[in-house]
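[1] coords below, sequence missing:
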Ligand SMILES: Cc1cc2nc3c(=O)[nH]c(=O)nc-3n(C[C@H](O)[C@H](O)[C@H](O)COP(=O)(O)OP(=O)(O)OC[C@H]3O[C@@H](n4cnc5c(N)ncnc54)[C@H](O)[C@@H]3O)c2cc1C
């Protein structure tokens, strides 16, 4: 009798635990379906029904669909306008004489870690070489680049050295106007060098390890902390996203132009880096699109100024071409129709603490700008400085003119700021195009062998938590 009762109890328990399991699965199905609806571009890979169509995510399809966070455009519109209008125009614009020369102080003058021995490392050795070891080319930018012997002063890697070859053309100076967002001292002095950006593409340089890590750590931890949703104000989120978007773009340029074989000097794509450091983290890609739209908005907001600016380099026909390309970019009908307001800056600095907050964020951005002097590889420093100046210029255009009915006619930009702004937009445009074109196929290759962390893992986590929770309760 007792045995029979125990047997029945056992059967009942088994039935109950089966029911519990089935209920848990049903709840998880519903939770996951809701999750896939509320987070449309973090596609959960299987089995959900949405709008009566199976939301199966076919391999190879671009998963970045839907609206870009904090911007009112979707990925498809931006990809298409970038591919059709922006990318081709920008590619041509940055090769013109006006836009290919950038004035920069190249040697490192790091204000943050002055005496920690960093600059004795080969990564940063440019600033540690005694005066008599400095190549003349450092002081005379019009002669040719560094000789191989001088590489002792560099990172030791030829690919990280900036080529200083220049046309012997003089430049007419624009006005010098302070930018409250950046740290650069634009005073013309012997330390400033003109660099031909076309000879120094942003690509893999071999700069890695603690030196590079320390810069990024300092940028994120001290100056634009990562946020978790709902935690901080939108202005701080903007700063984080801009930096993260720029970081994504730098990584994409490393991946797309990588030194595959040092002995044969073979360059090519490193799609594993693209996947492991970028595609695997959808928020990094989202931030790239965000940064692109933010800078695009700054360029279009300053359209009147940029249209009338002087693109004079002494080569009349080329200067006319520069002007014409600029106009095509600023007043493209397709761009205006598809994307009239890439980012709405009027929403920011609204609260009472707006002005205070702006000052605080300005200070943080100036710190980031100053950190570029600590980058221990010359080419990275060049592109780091240029792009941070470009971002600072975008911030200046969007936020430094008081009030929302801001008189854009009060805007004053330096020539170098305009060069940085447009070159930054071009870099971001290249990255957006690259991710759009390569992303799906690269995810197809690597995504198959990866854990579900690629996607929004919350559904998985919730499932396990739920099941484990029920099991745990049952044991009690
Ligand atoms: C200003 C600057 C310019 C550089 N330019 C070049 C260059 O032109 N060529 C070159 O070869 N190297 C360049 N580097 C080095 C390069 O950025 C990397 O630091 C290096 O390749 C090592 O990469 P990593 O995998 O250690 O991760 P890193 O890219 O160094 O990233 C460090 C950490 O930041 C986080 N992170 C990474 N990406 C993002 C993102 N998009 N958003 C938010 N967080 C992120 C991750 O936690 C990661 O572990 C540059 C570095 C700096 C600081």
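    Looks like it came in fine. Computed from a predicted model, the values in this text were never measured in an experiment.

[2] Touching, residue 204 and residue 254? I think so.
    Yes - counting by Cβ atoms under 8 Å, residue 204 touches residue 254, with 4.8 Å between them. Backbone N, C-alpha and C define where each C-beta goes, glycine included.

[3] Now for those two: what residues contact both?
    Contact with both residue 204 and residue 254 is made by residues residue 270, according to Cβ atoms under 8 Å, 6 or more residues apart in numbering.

[4] Can stretch 245-254 be said to contact the ligand?
    Yes - for stretch 245-254, a contact with the ligand is found by Cβ under 6 Å from any ligand atom, at 247-248, 250-251, 254.

[5] which other residues reach that stretch?
    With contacts defined as Cβ under 8 Å, 6+ apart, stretch 245-254 is touched by 201-204, 216, 270, 273-274, 277-278, 284-285, 287-292, 294, 383-384, 387-388, 391, 427-428, 430-431, 434-435.

[6] pLDDT-wise, which helix or strand of the chain ranks last?
    Ranked by mean pLDDT, DSSP states H and E, the helix or strand of the chain with the weakest confidence is strand 49-50, at a mean of 26.

[7] hmm, back to that, so which of the contacts of stretch 245-254 would count as near the ligand as well?
    Residues of these in contact with the ligand (Cβ under 6 Å from any ligand atom): 202, 204, 216, 277, 284, 383-384.

[8] So which of these wins on neighbours?
    Ranked by neighbour count (other Cβ atoms under 10 Å), these have residue 383 at the top, with 28 neighbours.

[9] what's near enough to touch it?
    Taking Cβ under 8 Å, 6+ apart as the test, what residue 383 contacts is 200, 202, 250, 427.

[10] Around the ligand, pick out the residues from the stretch 351-476 of the chain.
    372, 375, 379-380, 383-384.

[11] Could you pick out which of those are located in helices?
    If you go by DSSP state H, these have 379-380, 383-384 in helices.

[12] Serialize those to CSV and add fields for pLDDT.
    Output for these, formatted as CSV (pLDDT from 0 to 100):
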residue, pLDDT
379, 88
380, 92
383, 95
384, 95
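
[13] Which of these sits closest to residue 96?
    residue 383 (18.8 Å; Cβ to Cβ).

[14] With neighbour count and distance to residue 346 added, can I get the residues of stretch 245-254 next to the ligand in CSV?
    Supplementary listing: those in CSV, determined by neighbours: other Cβ atoms under 10 Å; distance: Cβ to Cβ, whole Å:
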residue, neighbour count, distance to residue 346
247, 19, 27
248, 27, 26
250, 18, 30
251, 18, 32
254, 23, 36
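
[15] quick check, nearest of those to residue 239?
    residue 247 (12.6 Å).

[16] in what helix or strand does the closest one lie?
    helix 234-256 (DSSP states H and E).

[17] how close does residue 390 sit to residue 197?
    From residue 390 across to residue 197, the span is 12 Å (Cβ to Cβ, to the nearest Å).

[18] higher neighbour count, the two?
    A direct count of neighbours by other Cβ under 10 Å for residue 390 and residue 197 places residue 390 higher, at 26 against 22.

[19] Would you check how far apart the more buried one and residue 304 are?
    Taking Cβ to Cβ as the measure, residue 390 falls 19 Å from residue 304.

[20] With residue 324 instead?
    17 Å.

[21] what are the pairing partners of whichever strand or helix holds residue 260, and which direction each?
    Applying DSSP H and E as the criterion places residue 260 in strand 258-261. Next to strand 258-261 in the sheet, as set by DSSP bridges, lie strand 266-268 (antiparallel).

[22] Sort out which residues of the helix or strand that comes right after the strand it pairs with are buried, please.
    As assigned by DSSP H and E, the chain's next helix or strand after strand 266-268 is helix 271-273. Across helix 271-273, burial judged by 16 or more other Cβ atoms under 10 Å covers 271, 273.

[23] what does helix 271-273 contact?
    So helix 271-273 is contacted by 251, 254-255, 258, 438, 442, 445-446 (Cβ under 8 Å, 6+ apart).

[24] Between these, which sits nearest residue 85?
    residue 438 (20.6 Å).

[25] Please identify which helix or strand holds that closest one.
    Short version, using DSSP H and E: residue 438 is in helix 415-447.

[26] May I see the buried residues of that helix?
    Buried-residue list, helix 415-447, by 16+ other Cβ under 10 Å: 415-436, 438-440, 442-443, 446-447.

[27] What is it packed up against?
    Applying 3 or more Cβ pairs under 8 Å, 6 or more residues apart in numbering; DSSP states H and E, one finds that helix 415-447 contacts helix 75-81, helix 87-93, helix 97-100, strand 101-105, helix 234-256, helix 271-273, helix 282-301, helix 378-399.

[28] looking at these, which has the lowest confidence?
    Across these, strand 101-105 has the smallest mean pLDDT, namely a mean of 86.

[29] That one near the ligand anywhere?
    No - contact between strand 101-105 and the ligand is absent, the nearest approach being 13.2 Å (criterion: Cβ under 6 Å from any ligand atom).

[30] Would you give the sheet partners of that strand, along with the direction of each?
    Sheet pairing for strand 101-105, assigned by DSSP bridges, gives strand 192-196 (antiparallel).
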